[in-house]
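Asks: Curious how this folds, go ahead:
(one chain, ligands or ions: 1)
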Amino acid sequence: MNLLLSIKNLSKSFKSNSGEIKVIDNISLDIYNEFFVILGPSGCGKSTLLRIIAGVDKPTSGNIIFQTGKPPRFGFVFQFPSLIPWITVLENVAIVLKNMGIPKNEAEESAKKYLSIVGLSGFENVYPYELSGGMRQRVNLARALSVQPEILLMDEPFSNLDPLTAENLRAEILDIWLSNITPMKAIIMVTHSVDEAIFLADRIVILTPRPSKISNIVNVDLPRPRNRRSPEFEKIEDLVYSYVS
Ligand SMILES: Nc1ncnc2c1ncn2[C@@H]1O[C@H](COP(=O)(O)OP(=O)(O)OP(=O)(O)O)[C@@H](O)[C@H]1O
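Replies: Reported below is the predicted structural model:
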């Protein structure tokens, strides 16, 4: 495995009316080319950690060292897709590429390609309000993939979807990840679902309640697609639950 980034002695506090709230307490982690999941209870600081990795928030102390010496290209998928309502699905993806300076035709061709990868061929010319929640999240994913990220950051991407849609999308993200059709070297995903973490991850870091420290790191060395009913899956589930509780 190739090391991509090292989180070194990272702490984060926020100022509030009642004083300082410490959210992250001295976390150090190495992330390799892997599907890496950050698991922890609500409010422990998972999203904050993801935002700091992305460079959109700053740590109070500590830092992140990128192996290449500079931050890689990130793609983001958040829990709630933030699509622009008055432009089509195709334009919602292409706009990101046009903003990067890619010419209109090329941006639209590329947007079509990524919409097809996420199973939305034929929906290019519809508007976001015409889509189901799952389809909107697919557009979000197409948009994140279209920038050809080296690291895809996902913050609870399935938690606002119905169970069946969430399960389909999990399978598709795994397919995309395993097929190497994109230059993605790692996926870093935040969740509070133990089941989802074990289903998807190569490794899971389990955080404690706020201020979050590392409780444990678990390797999920199971072949894919994973069978949730297998004794091996259940064994890891028991182990992870023993660390979260
Ligand atoms: N900009 C901010 N200013 C003040 N407090 C903040 C800010 N961002 C986050 N927090 C606080 O930091 C804590 C951690 O928030 P964060 O969203 O990182 O947690 P989380 O583990 O992702 O939670 P959840 O699973 O519920 O989404 C929370 O108590 C939150 O209120």
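Asks: Scan the chain for its longest helix.
Replies: helix 163-179 (DSSP state H).
Asks: Report the mean confidence score over it.
Replies: Helix 163-179 shows a mean pLDDT of 92.
Asks: Convert it to PDB, retaining C-alpha atoms only.
Replies: Output of helix 163-179 as PDB, limited to C-alpha atoms (Å, rounded to 0.1, in the frame of the first residue of the first chain):
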ATOM      1  CA  PRO A 163     -32.500   1.600   2.500                       C
ATOM      2  CA  LEU A 164     -32.800   0.000  -0.900                       C
ATOM      3  CA  THR A 165     -31.500   3.100  -2.800                       C
ATOM      4  CA  ALA A 166     -28.600   3.400  -0.300                       C
ATOM      5  CA  GLU A 167     -27.700  -0.200  -0.800                       C
ATOM      6  CA  ASN A 168     -27.700   0.100  -4.600                       C
ATOM      7  CA  LEU A 169     -25.600   3.200  -4.500                       C
ATOM      8  CA  ARG A 170     -23.100   1.600  -2.000                       C
ATOM      9  CA  ALA A 171     -22.700  -1.300  -4.500                       C
ATOM     10  CA  GLU A 172     -22.100   1.200  -7.400                       C
ATOM     11  CA  ILE A 173     -19.500   3.200  -5.500                       C
ATOM     12  CA  LEU A 174     -17.700  -0.100  -4.800                       C
ATOM     13  CA  ASP A 175     -17.900  -1.000  -8.400                       C
ATOM     14  CA  ILE A 176     -16.500   2.300  -9.500                       C
ATOM     15  CA  TRP A 177     -13.800   2.100  -6.800                       C
ATOM     16  CA  LEU A 178     -12.800  -1.500  -7.700                       C
ATOM     17  CA  SER A 179     -13.000  -1.000 -11.500                       C
END
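Asks: Mind listing residues that contact it?
Replies: For helix 163-179, contacts defined as Cβ atoms under 8 Å, 6 or more residues apart in numbering pick out 35, 117-119, 132-134, 137-138, 141, 145, 154, 157-159, 161, 182, 184, 187, 196, 199-200, 224-225. Quick note: C-beta positions are derived from backbone N, CA and C, even for glycine.
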